[in-house]
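**Student:** build me a structure from this.
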Amino acid sequence: MTKRPGPDQEPEALVWNDRWGKCLDGRVYILAALVIDVEVALPDMSNLTTAVAELSHVIQSELPHAVACLNIHVLPGLSQGGNKQVRLAMSGDPQLCAAWHQRRQLQGSKHLGQGAVAYFHSLRDTTSVEHQEKMSELVSLHSNSESGFLLDLPSEWVRGWPEGATSFPQHAGSLWYDFAAVWGPVKEASMIRAQDPTVVHLLFDFGNRGQGAKCLFELLTDRYLYNPFAQNQTYPVRCALGHFQDLRLQLLPETADTSAAVPGTFELRRVKLV
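**Tutor:** Predicted structure coming up:
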């Protein structure tokens, strides 16, 4: 059940109701979806967009009314068979979703037209104990000194960017600064333009032991952000945990303070949605 603050209380920072996390009194939503991976075989990769649209039509026509597919997105890279991996984010009755998934697997592959074929693979529940254990294990691989957290956002979700600026500092009172501050004191926060104009990078430094960075990494990895006011409302989380200066150096090599970077070779451990 969703908890509601009393008349003299501040709204709770994060309240979970089933699969939905309501943060900052509805300023940010988190979706812990049922995730289904689909392999799409294509004789011609130029037909990928058409195949994904047809896959969406198939899913919407087959799903029970108590289940909704809120996001379909193509994962980067190719599968071992040279095909594309497509991920479905589902919400609703988990038993009905699992039953539909099982029927779909038993029916075998689904032809999508123009030679494209879909193969339905695993179903995962990102509210499960298994998911939590996996996230705890991932966090344990990072040192306590890694206080940086990098999060991608759709550029359409961002307003007020200074004209001509490469970065956009965030301060207390701004949405994403306040979102990060729920999990610990924020030393520094900036939005940085990405090479892809549809994406912006959001970079935080939680300072010292960086527990806030680890909390966000564990909370958001393999989940989705939801903005009810955007045209594309549901966005798959893409994030990374690391040393702040190293993350900044990856994004702003011409301005990063390399003297403060952690010595040694660094590899950006961006979480892939796989």
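
**Student:** would you map the strands across the stretch 51-200 of the chain?
**Tutor:** All strands of the stretch 51-200 of the chain, identified by DSSP state E, counting those that start in this stretch, fall at 67-74, 84-92, 110-113, 116-125, 148-154, 167-169, 188-193, 199-205.

**Student:** buried set for the worst-scoring helix or strand of the chain on mean pLDDT?
**Tutor:** Across the helices and strands of the chain, the lowest-confidence element by mean pLDDT, DSSP states H and E is strand 14-17, at a mean of 91. Neighbour-count burial for strand 14-17, counted by 16 or more other Cβ atoms under 10 Å, picks out residue 15. Where you see a C-beta, it was placed from the backbone N, CA and C, and this is true even at glycine.

**Student:** likewise for stretch 101-113?
**Tutor:** Quick answer for stretch 101-113 (16+ other Cβ under 10 Å): 101, 104, 110, 112.

**Student:** for stretch 186-204, same thing?
**Tutor:** Buried-residue list, stretch 186-204, by 16+ other Cβ under 10 Å: 186, 188-193, 200-204.

**Student:** quick one: contacts of that stretch?
**Tutor:** Stretch 186-204 is contacted by residues 147-156, 158, 161, 166-171, 174, 176-177, 180, 205-207, 212-213, 216, 244, 247-248, 251-252 when judged by Cβ atoms under 8 Å, 6 or more residues apart in numbering.

**Student:** if we use 6 Å, what do you get?
**Tutor:** 149-153, 155, 158, 166-170, 176-177, 180, 205, 207, 251 (Cβ atoms under 6 Å, 6 or more residues apart in numbering).

**Student:** ok, now stretch 152-172?
**Tutor:** With Cβ under 6 Å, 6+ apart as the test, stretch 152-172 has contacts from 176-177, 189-193, 198-200, 202, 227, 230, 235, 238.

**Student:** could you tell me the end-to-end distance of that stretch?
**Tutor:** End-to-end span of stretch 152-172 (Cα to Cα, to the nearest Å): 20 Å.

**Student:** next: stretch 158-174.
**Tutor:** 11 Å.

**Student:** need the longest helix for this structure.
**Tutor:** Ranked by number of residues, the top helix in the chain under DSSP state H is helix 48-62.

**Student:** how far away is residue 231 from residue 168?
**Tutor:** 21 Å (Cβ to Cβ, to the nearest Å).

**Student:** which one of the two is surrounded by more residues?
**Tutor:** For residue 231 and residue 168, the more surrounded residue by other Cβ atoms under 10 Å is residue 168, and the numbers stand at 17 against 8.

**Student:** tell me what that one is bridged to.
**Tutor:** In this entry, residue 168 is beta-bridged to residue 191, by DSSP bridges.

**Student:** please apply the same query to residue 201.
**Tutor:** If you apply DSSP bridges, the partners that residue 201 bridges to are residue 152, residue 192.

**Student:** what is the neighbour count of the nearest residue to residue 135 once chain neighbours are set aside?
**Tutor:** Leaving aside its sequence neighbours, residue 135 sits nearest to residue 218 (Cβ to Cβ, 6 or more residues apart in numbering; 4.5 Å). When counting by other Cβ under 10 Å, one arrives at 16 neighbours for residue 218.

**Student:** so what pLDDT did residue 218 get?
**Tutor:** pLDDT for residue 218: 96.

**Student:** ok, residue 41 next?
**Tutor:** 95.

**Student:** can you pull the contacts of it?
**Tutor:** Taking Cβ under 6 Å, 6+ apart as the test, what residue 41 contacts is 83, 117.

**Student:** for the least confident helix or strand of the chain, name the packing helices and strands.
**Tutor:** strand 20-23 (3 or more Cβ pairs under 6 Å, 6 or more residues apart in numbering; DSSP states H and E).

**Student:** thanks again, I'm all set now.
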